[in-house]
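>>> for reference, the sequence and a predicted model appear below.
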Amino acid sequence: MQSATAEAEPVQPELIQIEVAYATPAQQQIIKLRVAAETPVQQAIEQSGILQYFPEIDLSQQKVGIWSKAVKLDHQVRDGDRIEIYRPLIADPKAVRRRRADQAKDEGRADPVTGGRKRERAATESE
């Protein structure tokens, strides 16, 4: 006689396909892997092995995203996601824009007062 409580088969988690990407000026690496559905981003990055390729990655400091949209490390991945690890900015974007605007003024491509584009004077002005 068999017991009424049969041992249940362990339920296998649903696996999904994702990618983890990181790039430096010299190289880029995209790693495809399968993880359990609803795996947090940080765990997926660790499972990918990308941290061994790029030991300079510091997840406590660097931002991450999925398809160019910033997410937190505890965000759960979905099938087809590409996790991107972003490098820190080298230059302050405001300072770069300011330098470029000053250069345009110096070269005469921008109005020295407003910083906007120079307008051509109307040819119909009376002389």
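Noted; the coordinates are in hand. None of these values were measured; they are calculated from a predicted model.
>>> only C-alpha atoms from now on, for both contacts and neighbour counts.
Fine.
>>> can you give me the helices for the protein?
Ranges of helices in the chain, per DSSP state H, are 41-48, 50-53, 93-106.
>>> ok, of those, where does mean pLDDT dip lowest?
Note on those: helix 93-106 shows the lowest mean pLDDT, a mean of 79.
>>> of the helices of the chain, which is nearest I85?
Among the helices of the chain, helix 41-48 comes nearest to I85, with 8.9 Å by CA to CA.
>>> next, the buried residues of that closest one.
Within helix 41-48, the residues that count as buried by 16 or more other CA atoms under 10 Å are V41, Q42, A44, I45, S48.
>>> of all the helices of the chain, which one is nearest A21?
Shortest distance between A21 and the helices of the chain, using CA to CA, is found for helix 50-53: 8.2 Å.
>>> distance between that closest one and the chain's centre?
For helix 50-53, the separation from the chain centroid amounts to 17 Å (computed by CA atoms, centre = their mean, to the nearest Å).
>>> can you give me the strands for the chain?
15-23, 28-36, 64-66, 69-71, 82-85 (DSSP state E).
>>> most tightly packed of those?
Across the strands of the chain, averaging neighbours per residue (mean count of other CA atoms under 10 Å) puts strand 82-85 on top, at a mean of 23.
>>> what helices or strands is that one leaning on?
Packed against strand 82-85, as judged by 3 or more CA pairs under 8 Å, 6 or more residues apart in numbering; DSSP states H and E, are the following elements: strand 15-23, strand 64-66.
>>> may I see these organised as CSV, with mean pLDDT added?
What follows is the helices and strands packed on strand 82-85, written out as CSV (pLDDT from 0 to 100):
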stretch, mean pLDDT
strand 15-23, 95
strand 64-66, 96
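>>> tabulate those strands (a markdown table), appending distance to V96.
Output for these, formatted as a markdown table (distance: least, CA to CA, whole Å):
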| stretch | distance to V96 |
| --- | --- |
| strand 15-23 | 22 |
| strand 64-66 | 23 |
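>>> quick one: closest of the ones you listed to Y53.
Per CA to CA, nearest to Y53 of the helices and strands packed on strand 82-85: strand 15-23, 9.7 Å.
>>> what pairs with the closest one, and is each one parallel or antiparallel?
Strand 15-23 pairs in its sheet with strand 28-36 (antiparallel), strand 82-85 (parallel), by DSSP bridges.
>>> brilliant, that's me finished.
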